[in-house]
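Student: sequence plus the predicted model coming up.
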Amino acid sequence: MQRICVYPGSFDPVTAGHMDIIGRIVDMFDQVVVGVLNNAQKKTFFSVEQRINFLRQCTSDFDNVEIAYFDGMLVDFASQQNAKFIVRGLRAVSDFEYEFQMASVNKRLRPELETIFLMTRTRHSFLSSSIVRDVGRYGGDLSSMVPNQICKQLQHDLLRQQ
Ligand code: PNS
């Protein structure tokens, strides 16, 4: 029986922190499905196609990673993917309340699904997609904050859309 997890998020855009988590879970699961939220009510800077494209470029070295989008409930997406696990990264105590609420709701909705939390490495604990967008918008150096494969493109896109 395959151990499949979903790693969901907005990924607007994917950061070095996200990649830290992905790089660790590829060894823990047979299949990792990165689920990109595509929700008309949640406005994002990058389109779902751009976010997926960035993720594909950054994960091309992993043969057990798949990128997909979802637009409904996370638990439904996980079931469609035959996943028994949801993975989320925790950066700081401030993440806990929201994550606790989300994991509890998901458990209520689908008790057979387990949410697993991984602590993000401390060197990425300050990092978020919104910080990346903000630094990039003003032309700041993103090289330590985003994966190498997409750094140049992101610097360009964020600066251009200031
Ligand atoms: O990267 P983010 O924005 O913190 O990811 C949040 C995400 C996508 C995991 C969360 O918003 C989500 O699961 N949305 C889908 C809707 C859903 O299932 N809601 C009920 C659980 S709170």
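Tutor: That came in fine, so what should we check first?

Student: what helix or strand is V36 on?
Tutor: Element membership of V36, judged by DSSP states H and E, is strand 31-37.

Student: what's that strand packed up against?
Tutor: Strand 31-37 sits against strand 4-9, helix 16-25, helix 48-59, strand 65-70, helix 74-80, with contacts defined as 3 or more C-beta pairs under 8 Å, 6 or more residues apart in numbering; DSSP states H and E. Any C-beta I mention is one placed from the backbone N, CA and C, and that applies to glycine too.

Student: single out the most deeply packed of those.
Tutor: Mean neighbour count (mean count of other C-beta atoms under 10 Å) peaks for strand 4-9 among these, with a mean of 23.

Student: now the angle from it to helix 48-59?
Tutor: 120 degrees (axes from the mean of the first three to the mean of the last three C-alpha atoms, to 10 degrees).

Student: so how far is strand 4-9 off the chain centroid?
Tutor: Chain-centre distance of strand 4-9: 8 Å, with C-alpha atoms, centre = their mean, to the nearest Å.

Student: could you measure from the most far-flung residue of the chain relative to its centre over to D27?
Tutor: Largest separation from the mean C-alpha position in the chain: M1, at 25.1 Å (C-alpha atoms, centre = their mean). Distance check for M1 against D27: by C-beta to C-beta, to the nearest Å, it reads 18 Å.

Student: likewise for R108?
Tutor: For R108, the distance to D27 (C-beta to C-beta) stands at 30 Å.

Student: show me the shaky parts of the protein.
Tutor: Residues of the chain meeting the criterion pLDDT under 70: 162.

Student: got a list of what the closest residue to E114 other than its chain neighbours touches?
Tutor: The shortest distance from E114 to any non-neighbouring residue, by C-beta to C-beta, 6 or more residues apart in numbering, is to F85 (5.3 Å). Applying C-beta atoms under 8 Å, 6 or more residues apart in numbering to F85 gives the contacts R3, I4, C5, V6, F29, L113, E114, T115, I116.

Student: and which of these is nearest the ligand?
Tutor: Proximity to the ligand was ranked across those by C-beta to the nearest ligand atom; first place goes to V6, at 9.3 Å.

Student: partners of that closest one in the sheet?
Tutor: Beta-bridge partners recorded for V6 (DSSP bridges): V33, I86.

Student: enumerate every residue touching it.
Tutor: Contacts of V6 (C-beta under 8 Å, 6+ apart): V32, V33, V34, G35, L74, F77, A78, Q81, A83, F85, I86, V87.
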